[in-house]
Each structure stands twice: as structure tokens, then as C-alpha cells.
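J.: Make a model of this:
(chains A and B)
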2 protein chains.
Amino acid sequence: MDISRRLELAMSATIDRAQAGGPGRLAHALNYAVLPGGARIRPTICLSVAMACGDDRPALADAAAVALELIHCASLVHDDLPAFDNADFRRGKPTVHMAFSEPLAVLTGDSLIIAAFDALTHAAPADAMRALSLVRLLAHHTGMPHGICAGQAWESEPEVDLRAYHRSKTAALFVAATQMGAVAAGQEAEPWQELGARIGEAFQVADDLRDALYDAETLGKPAGQDAALARPSAVEELGVQGAIKRLRDILSGAIASIPSCPGEAQLASMVQLYAERMTPVAPVRV
Amino acid sequence: MDISRRLELAMSATIDRAQAGGPGRLAHALNYAVLPGGARIRPTICLSVAMACGDDRPALADAAAVALELIHCASLVHDDLPAFDNADFRRGKPTVHMAFSEPLAVLTGDSLIIAAFDALTHAAPADAMRALSLVRLLAHHTGMPHGICAGQAWESEPEVDLRAYHRSKTAALFVAATQMGAVAAGQEAEPWQELGARIGEAFQVADDLRDALYDAETLGKPAGQDAALARPSAVEELGVQGAIKRLRDILSGAIASIPSCPGEAQLASMVQLYAERMTPVAPVRV
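T.: Reported below is the predicted structural model:
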């Protein structure tokens, strides 16, 4: 089974469990928030690393991947709220608070966060140590003081620590992806930190480039938000060509950092493929 | 060490860990949201049950109690948001979104939820099975389809399932309290379901009575919200005297349901004490 099919099956099973017998509108909103998916890049990295490490507990690797994607979707739902980005559209359709209501959007995010932790408890009754490590990694890279909640909160500070901001806002979930993939397959988390951090950094630069270069229709969300909201951006700092060079350098470093493992070569090809997909081909902002 | 001192120490350690090195305003908001505490009734029940069951892993029982209180505080912060109750005051001081901002209130709730799960992973490296069971119980009673998120979401349904509404909105965290206390001490969760459910039901009736009878100053939050927001209430259904009788009946049932355990008599006394504290003494609404 290919990664994307494997992931969608595991996602559906988790969402089905969260919906069964619950209030209908929130149940519907959970589904709406996670389907159809975006690039599913974090869970794909997680499963790729697990497979590179031997994938001896596939149900646990699936749960880790699903947990990451649920947290990512939760963060999008909350970030889109009127109090944050006030976004009307996401992935080409109305955001959750526009399609349902603001209360249901808050609850959708909360429920997806909780479903992420729950997913990790269903996968491996025989391997509680690994599952508990996954819970801890997910919490570390998601909450305070270093996870994506912290990253979002740096935007509310009078003085922003830019390194901490980028590390937690975007990189944290990529580090979670590589580390959780490794831990699900019985490996140590620490050696996989650098790969995740570099992919995350690359992703942030690519996102800054897309925000600066593409129009809203291509993005499926409002464009030019970094400049409009005066958010820190690699394009503002380095210019477009400088940011593209930075992106290529980071991804070369990512490939070089892959720890020795059975599927090392295949994993390197995957990162290379992402590198090509991430790099914008031409400015199309009109 | 008495329960309340034990709990405050464990709470402080968890909040300190969530704050260290993170963005300052959110770090401050986390503290603001959990201190000074309310009655800390859920974690007190959790620790009381753990002690009645022998409390052979006190660090795990502390973590379970802290996790419950963090989830409860998170739910208050999100419920107070303008999109829900739009409350300006809670526990006699401005709510988190009034004191900080709406974005920081959303992130405070998210971070507290995550910190709750994180707390369970730090307590018992030697007892991963129990810790993982606690993660699962917490998720079950907090998220969808049967936890407090579901309870809140029933208020957004065109047709409310009143049994499911009360069971998930209020009772769920009380069931979590009794079950997590038992599991932290190595017992099965299931026999402790009824005690938690009955205490939760009693608490809901007591809350309805307080909302109907007391003024805002006594409550530390707006009074008469059930009637104003047309929420289901035991007072509306049974009248004041009927609701007081229902409360007493439920608490007798709660005491009768306590499973056989070393500290059974002491636990019964504690529930009796709560019963007396919960029952309103006189109507004081002006």
C-alpha cells in the first residue's frame, strides 16, 4: 500500500471513531477540517522515516502520522479564526468558522488536538513505552514552551525572538514528524532532530516565497499576508532570489543529515523530490 | 501532605515546565488561567480515589489530578470566549481574553490541553502501561464523541440529546476523575464509572441551583445565565425544592456506589462533605 492510501485509511478510522454518536454538527466539522487534505507533508515524512527505519510496528507509525496531521489541521482551524488571521477560505473552500460557526471552529480545533493524543493510545497495547514516547514528543512539539502554540504566541509578543519563533511556529511539527516516525519504528528520537528542523526551515522559506509570489487563487487562501500583517519573512530579509538559494542550501543540508538506516537512500530521494516541488517555478502574482 | 498542598505543588511544577523559555505573554496567561484555583474539585476527587485505592504511584496520581485540572481550566478559558459565553469575569477577575487578548486566550486553552497530556508522560517512566491508560481515559472524557468538547458542542445542535449533553458536558470530567485516580493506583477504571457519573450529575444540579439562586458577586461570574441563554437546567425542570431533593438523592446514590477498596469509608466521608458544601443554604439573588 502506498503512503498516501495508508494515511487516508488511518485518518478515516480515527475521524470515524471521534464522530460516532457525538453531536452531529461538530462531527461533521471534524471531517470538514481534515478532508480533503492538503499535501499531508508532515505525516508523509513521518511514515517515510518509519519505513526507512524498518517500520516494525506499522499501526504505531500510522497513529503517529495521523496524530501529526490532526494537530496540523487543528492549528489551521484555530489560526483561521477571526481573532487570528480572520481567513474566509482555506484549501479553496470556506474555513471552518465560516462554514459552521466560531464556537464550532474552536471546538473542532480542541477536539482534533485531543483526537491526536487519543490516536496514539489505540495503536500499540503491546508497546506502551513507544506509544508513551510518542505522546511526549507530540506534546513537546505542539504545546508550550517550544511547540507550535508557542510559535503562534510569539506573534503576540512586543519583542519577537525570531529564531524561537521560526523553530516553534513551523519547524516543530517537522521535527515531530521525523522523530515520531523513528520512535514508532523503535529508534531513538534525537538523531532525527536535525533532518526535521532543516525540512521545517525549508518549508518556512518556501511558504514565504509562495505568499510573496503567488495569487490567492493558486494558494487557495489570501496571498501577501506576510507583508499585510508585517510578519517576519525570508523574502523580506533576502529578496526572492536570495530566498530561493537559501531554500536549496537548507535542503542539501537536510539530505546530508539523514542518520544511517536501512532506507537511507530512499529517504534522501524523497527529500530531493520535496525540494523540487517546494521551489517556486515562476512569479505569477498579478 | 494534605491533598490541596500536594495538588498545588504538582500544578506549579507542570506550569513552570510549560513556561520555561516560551513567549512571555502566553507563559503569563497560563499561570493566570490556573491560579488562584477554584475549588479544584475534580483533582481532589482524583487524588481521594487514588488514596482510597492505596496510592502506590503517587507521582502518577499527582499527574492525573493535574491533567484533569488543566483540562478543566482550558475549558473555562475557551467557554468564556466572546463566541461562547462572552464572559468578562471569572473567579472574581477579568477572563483571560479580557486580561490578555482573544488570540492568547485561544492559545492558552490549546496549551493547557496539551500540557495535560504532557503531564501524564513525565510521571511514571517505569509504568508506561498505566500512564498510557491515563492518556486514553483523559482523551475519552475530554474530546469527541463523549467528552466535554462534545458536551459543549451539543449547545450548537438544532435538537439537543439532553442525556448525552449532561453526561458529556459536566459528568465526563468527574468520571475521568474517579477512573484516573483508580487507574493511577493500579485499579481497573470501569467499577469507578458510576461514582464519577453521580458526582458529576450532582455537580450539574448544584451548578444550576447556584446559577438560579445566587447573585454575580457571590458566584464571581454573571448569574442567571441558564435562563438568559435558554440552557437546559434542573431548576427549570423541577423547581428549586425539587432540584435540592434531586441533589440529595444523587449524592446518596454516589456514596452507595463506591467500590470496595481499603479507603472506602474515608472516601464516603469526603463525598458526604461535598454533598453538604454543594447544597445551597438560602436563596440570595437580589
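
J.: Give me the neighbour count for A:E190.
T.: Residues contacting A:E190 under the criterion other CB atoms under 10 Å in any protein chain shown number 10. Heads up, the C-betas are built off the backbone N, CA and C, glycines and all.

J.: residue contacts, the residue nearest to it when sequence neighbours are not counted?
T.: Distances taken as CB to CB, 6 or more residues apart in numbering or on different chains put A:Q179 closest to A:E190, at 7.9 Å, once the chain neighbours are dropped. Residues counted as contacts of A:Q179 (CB atoms under 8 Å, 6 or more residues apart in numbering or on different chains) are A:L137, A:H141, A:A189, A:E190, A:W192, A:Q193, A:G196.

J.: can we see that at 6 Å?
T.: Contacts for A:Q179 (CB atoms under 6 Å, 6 or more residues apart in numbering or on different chains) come out as A:L137, A:A189, A:W192.

J.: ok, for the last one, nearest residue in space, not its chain neighbours?
T.: The spatially closest residue to A:W192, leaving aside those adjacent along the chain, is A:T178, at 4.1 Å (CB to CB, 6+ apart).

J.: try the second one
T.: In this structure, A:A189 finds its nearest non-sequential neighbour in A:Q179, 4.0 Å apart by CB to CB, 6+ apart.

J.: distance of that neighbour from A:Q193?
T.: With distances taken as CB to CB, to the nearest Å, A:Q179 is found 6 Å from A:Q193.

J.: so which helix or strand takes in A:I15?
T.: Using DSSP states H and E, A:I15 maps to helix A:3-19.

J.: near chain B at all, that helix?
T.: Yes - for helix A:3-19, a contact with chain B is found by CB under 6 Å from any CB of the partner chain, at A:A18.

J.: Not counting sequence-adjacent ones, nearest residue to A:L238?
T.: A:R246 (6.0 Å).

J.: What segments of chain A are strands?
T.: Using DSSP state E, the strands found in chain A span residues A:89-90, A:93-94.

J.: Give me the sheet partners of the first one and which way each runs.
T.: To tie it back to what came earlier, the one meant is strand A:89-90. Using DSSP bridges, the strands paired with strand A:89-90 are strand A:93-94 (antiparallel).

J.: So which bits of the stretch 101-250 of chain A are right by chain B?
T.: So the stretch 101-250 of chain A meets chain B at A:102-104, A:106-107, A:110-111, A:113-115, A:117-118, A:121, A:128-129, A:131-132, A:135-136, A:139, A:142-145, A:149-150, A:152-154, A:156-157 (CB under 6 Å from any CB).

J.: Just the ones of these in helices?
T.: Judged by DSSP state H, helices contain the following of these: A:102-104, A:106-107, A:110-111, A:113-115, A:117-118, A:121, A:128-129, A:131-132, A:135-136, A:139, A:142, A:149-150, A:152-154.

J.: Type out the ChimeraX command that picks the buried ones from those residues.
T.: Entered in ChimeraX, the line below selects the buried ones among those, by 16 or more other CB atoms under 10 Å in any protein chain shown:
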select /A:102,103,104,106,107,110,111,113,114,115,117,118,121,128,131,132,135,136,139,142,149,150,152,153,154
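
J.: Just give me the neighbour total for A:K93.
T.: A:K93 has 12 neighbours, counted by other CB under 10 Å.
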